[in-house]
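> predicted model follows, preceded by the sequence.
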Amino acid sequence: MKTQMETDLKLESSLWVGNKRHLAVLTGWHLRWTEADKKNPDKKTVSVPVAEVVRVEEGRVKILPHKSVEDTGRDFTVFYVKRSNSRTTSGLLWRLGQTQFTCPSRVLRDQWTKHLWTVLKTHSPLRPHRLLVFINPFGGKNKGRQIYHSLVAPLFELAGINSHVIVTERANHARDHLLKKDLTGFDGVVCVGGDGMFNEILHGVIGKTQQEAGLCENDPAVTLQQCPLHIGIIPAGSTDCVCYATVGVIDPVTSALHIVIGDSQPLDVCSVHYGPGQVRYSVSLVGYGFYGDVLAESEKHRWMGPFRYDYSGAVVFLSNRSYSGTVQYLLADPLLSSPRDKTRCLSGCGVCSRSTERLFRNSSDSGSLYSSYSGPFSNDSEGEWMSVDGRFKCVSLTCMSSSCAKSPLGLSPSAHLADGTGDLILVWDTNPLGFLKYLHRHTTTQDQFDLPFVEVHRVKAVRFALASRGEEAEDNESLSNGMDGEDGGHIENGSRAGSLQHLAAGAKGQTMTSEDKTVTPFMCGLCCRKTPAVSVWNCDGEILPFPEIFCKIHGQLVHLYARGIEDGASLRDCTEERVESNTTCILQR
Ligand SMILES: CCCCCCCCCCCCC/C=C/[C@@H](O)[C@H](COP(=O)(O)O)NC(=O)CCCCC
Ligand SMILES: Nc1ncnc2c1ncn2[C@@H]1O[C@H](COP(=O)(O)OP(=O)(O)O)[C@@H](O)[C@H]1O
Ligand SMILES: [Ca+2]
């Protein structure tokens, strides 16, 4: 059915692009133009969704090398998102497309520009007008400032965005600014940096929202308020996992264009409660054991830049550590989705859309932005608490796939960005070859969960507690003897149930049995060193040196200027009408 907008605003006329006459049509949703030459059988239609028009200006506008406008009174220029054909990454690269149109008369030109401005306004309620930009000059390869000024600022300027830029002078500068300053008038916050910098901004934005709502964010029982400020990420860090997992490419221009057109991607956030009533937030990785150790090691080698992770990864792998602990987790509804269902969360994901309704069901303003939501914790009895004890190579919790250049499908390839759940990955102690196999599968399309010492669960909450001293000593002894036996250092749950009660009120304490989690005395010279008793947590690239934590997933707590990963294959399915590659017929919203 045609909308009012479509019927009201349809405009159709001949326009010239260069010296070729085209038939151009503007509906409420698309601007399309097709070459009018009847002799040319290969004529193409270019179709640009109105939501992807960056700017419309009167005259023949050039922006490179410097902006110039030549106005004969009959021309107008349209800037829009154009998808690049390069398919080297999981998502699609976006570039700025530009077409100059010439109308038969000034009256018609004015009609075209007026209509275009009107549909643009109607279609893009979330386009930012004013942005607060934080640049970490020391993220990644120290190129944050250069990336912003040469690639991003010109696009913001073209789109008429007013940006207030702050180059950070210390860690937590951005977070403190967000918490202390008045942010009235800003539509969003842009982070130029890596996952650590994004994490800082996440803390600032969530903290500020809870402050203003009078909520105590440290209390795990509190239902947090959704954040009104959108966050944009310009990747300029080392891993840039949040950008990769939400856009599909690490490319500052693509990310800047998502910001400019006001794309909106809700994102789950994990609150990590530790120590005496303190909280940290994470969207990509809460990792103990291997990932915690790699981060701690890598901090000593920051001067190496992004390579510090490869180096530290090798060092930590060779040290062959594993850690004891008890993991309790509250399972999400298995009927909704599963971490092993081989699906991928892509732009317009159905699982995430259905979750919006479920997460906000009890809210008066169902599903709308910035309402508080009842959350998965409104009723703990909705899920089932499970409990496992033993020695782990790593325990990881991720709210999203956590794909990145190192691992194009990510830590959990079927995880969803906005379904209100996280994936808990338990890698039981195993021999170095087995663990290497597990790690290596992250770099291929092989299933990293299809290994006997790995399990994955879709969860709403997780608790981690250290093993008691006696168990710890026993564990270390059996490891250094290289004789872990059949159960890979697995400790029977019964011995822990009592001491965990203070951590997990309401947990049913069911025991999982591990089948083949065997440690063999492989590479003994390297692996039989005494392991330190505890690791640290890697919380989106920030060290959290408190091993005992409680994590809870807050569905869709923040919104990014992104739209999830675009699936190039389904875009190509739309080419029947001989539409060029910059058309998003199935991705229109
Ligand atoms: C034999 C090949 C082994 C390859 C192992 C690949 C495993 C990759 C999984 C990566 C998951 C990344 C999750 C994201 C973590 C980031 O938040 C964090 C901080 O990033 P940044 O602030 O941009 O520096 N990055 C890391 O913790 C790096 C983990 C590297 C592990 C090898
Ligand atoms: N000016 C600064 N000086 C030192 N550290 C900073 C500065 N600005 C931000 N940081 C901190 O640097 C850390 C890493 O930043 P990030 O941009 O994620 O780079 P990388 O991806 O290389 O780790 C973050 O934890 C952030 O808090
Ligand atoms: Ca999720």
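It's in. Numbering: from 1, shown residues only. Ligands and ions are numbered 1, 2, ... in the order given.

> state the mean pLDDT of the helix or strand harbouring residue 114.
Element membership for residue 114 (DSSP states H and E) is helix 106-123. Averaged over helix 106-123, pLDDT sits at 92.

> would you indicate which residues of that helix are buried?
Buried residues in helix 106-123, defined by neighbour count with 16 or more other C-beta atoms under 10 Å: 109, 112-113, 115-116, 118-120, 123. Using the backbone N, CA and C atoms, a C-beta is placed for each residue, glycine as well.

> what does this structure put close to ligand 1?
194-196, 237-241, 284-285, 291, 294-295, 309, 313, 402, 404, 406-407, 411, 439-440, 442-443, 538, 540-541 (C-beta under 6 Å from any ligand atom).

> follow-up on the earlier one: between the buried residues of helix 106-123, which is closest to ligand 1?
Nearest to ligand 1 among the buried residues of helix 106-123 is residue 123, at 33.5 Å by C-beta to the nearest ligand atom.

> next up, the contacts around the closest one.
Residue 123 is in contact with 28-29, 50-51, counting by C-beta atoms under 8 Å, 6 or more residues apart in numbering.

> domain ranges for this structure, per the record?
Residue ranges for the domains of the chain, per automatic domain parsing: 4-125+569-586, 130-262, 283-334+367-554.

> so what's the gap between the first one and the chain middle?
Taking the mean of its C-alpha atoms, domain 4-125+569-586 sits 30 Å from the chain's own mean (C-alpha atoms, centre = their mean, to the nearest Å).

> now the stretch 101-250 of the chain against ligand 2: closest residue?
Closest contact between the stretch 101-250 of the chain and ligand 2, by C-beta to the nearest ligand atom, is at residue 194 (2.2 Å).

> counting by contacts, list what the helix or strand harbouring residue 440 packs against.
Using DSSP H and E, residue 440 sits in helix 432-441. Under the contact criterion of 3 or more C-beta pairs under 8 Å, 6 or more residues apart in numbering; DSSP states H and E, helix 432-441 touches helix 307-319.

> give me the below-cutoff pLDDT ranges for the protein.
1-8, 41, 85-89, 362-382, 469-531, 568-589 (pLDDT under 70).

> in it, where's the longest strand?
Longest strand in the chain, counting residues (DSSP state E): strand 385-398.

> now the angle from it to helix 432-441?
Between strand 385-398 and helix 432-441, the angle comes out at 60 degrees (axes from the mean of the first three to the mean of the last three C-alpha atoms, to 10 degrees).

> does strand 385-398 reach ligand 3?
No. Using C-beta under 5 Å from the ion, we find that strand 385-398 stays clear of ligand 3, coming within 8.0 Å at best.

> and the residue nearest to residue 108 when sequence neighbours are not counted, bridged to which residues?
Spatially, and ignoring its direct neighbours in sequence, residue 108 is nearest to residue 13 (6.0 Å; C-beta to C-beta, 6 or more residues apart in numbering). Counting by DSSP bridges, residue 13 is bridged to residue 24.

> what does residue 324 give?
residue 391.

> quick check: it touching residue 388?
No. Look at residue 324 against residue 388 with C-beta atoms under 8 Å: they stay out of range, at 11.4 Å.

> which parts of the stretch 351-500 of the chain are helices?
432-441, 469-480, 494-497 (DSSP state H, counting those that start in this stretch).

> look up phi and psi at the closest residue to ligand 3 within the chain.
The minimum distance from the chain to ligand 3, using C-beta to the ion, falls at residue 268 (4.0 Å). Main-chain torsions, residue 268, degrees, to the nearest 10: phi -70, psi 150.

> before we move on, the earlier item: output the domains of the chain as a markdown table; include the columns distance to residue 354.
Converted to a markdown table, the domains of the chain look like this (distance: least, C-beta to C-beta, whole Å):
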| stretch | distance to residue 354 |
| --- | --- |
| domain 4-125+569-586 | 18 |
| domain 130-262 | 18 |
| domain 283-334+367-554 | 8 |
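
> pretty sure the residue nearest to residue 108 is touching residue 24, no?
Yes. In this structure residue 13 lies within contact range of residue 24 using C-beta under 8 Å: 6.2 Å.

> who touches both of those two?
residue 112.

> which of those two has more neighbours?
Counted by other C-beta atoms under 10 Å, residue 13 and residue 24 do not tie: residue 24 has more neighbours, with 22 against 16.

> would you mind measuring from the more buried one to residue 67?
Counting by C-beta to C-beta, to the nearest Å, the gap from residue 24 to residue 67 is 24 Å.

> before we move on, what about residue 220?
Going from residue 220 to residue 67 by C-beta to C-beta gives 52 Å.

> of those two, who's got more company?
Using other C-beta under 10 Å as the criterion, residue 220 and residue 67 rank with residue 220 on top: 15 against 12.

> wait, a helix at the more buried one?
No. Residue 220 sits outside any helix when classified using DSSP: H, G, I helix; E, B strand; the rest coil, being coil.

> show me where the stretch 1-150 of the chain has its strands.
11-17, 20-26, 30-35, 45-49, 53-58, 60-62, 68-70, 75-83, 94-102, 130-135 (DSSP state E, counting those that start in this stretch).

> can you tell me the strand partners of the fifth one and which way each runs?
Paired with strand 53-58 in the same sheet, following DSSP bridges, are strand 75-83 (antiparallel).

> for the chain, which residue gets nearest to ligand 1?
Nearest residue of the chain to ligand 1, counting by C-beta to the nearest ligand atom: residue 541, 2.4 Å away.

> picking up where we left off before, wait, which of the buried residues of helix 106-123 is closest to residue 40?
Here the nearest of these to residue 40, counting by C-beta to C-beta, is residue 112; it sits at 24.0 Å.

> who touches the closest one in this structure?
Neighbouring residues of residue 112 by C-beta under 8 Å, 6+ apart: 11, 13, 15, 24, 26, 76, 101, 103.

> tabulate the residues you listed (TSV), appending distance to ligand 3.
Output for the contacts of residue 112, formatted as TSV (distance: C-beta to the ion, whole Å):
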residue	distance to ligand 3
11	42
13	47
15	45
24	42
26	38
76	43
101	43
103	48
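
> ok, of these, which come out buried?
Buried among the contacts of residue 112 (16+ other C-beta under 10 Å): 11, 13, 15, 24, 26, 76, 101, 103.

> the first one reaches residue 118, doesn't it?
Which is residue 11. No. Using C-beta under 8 Å, residue 11 makes no contact with residue 118, being 10.2 Å away.
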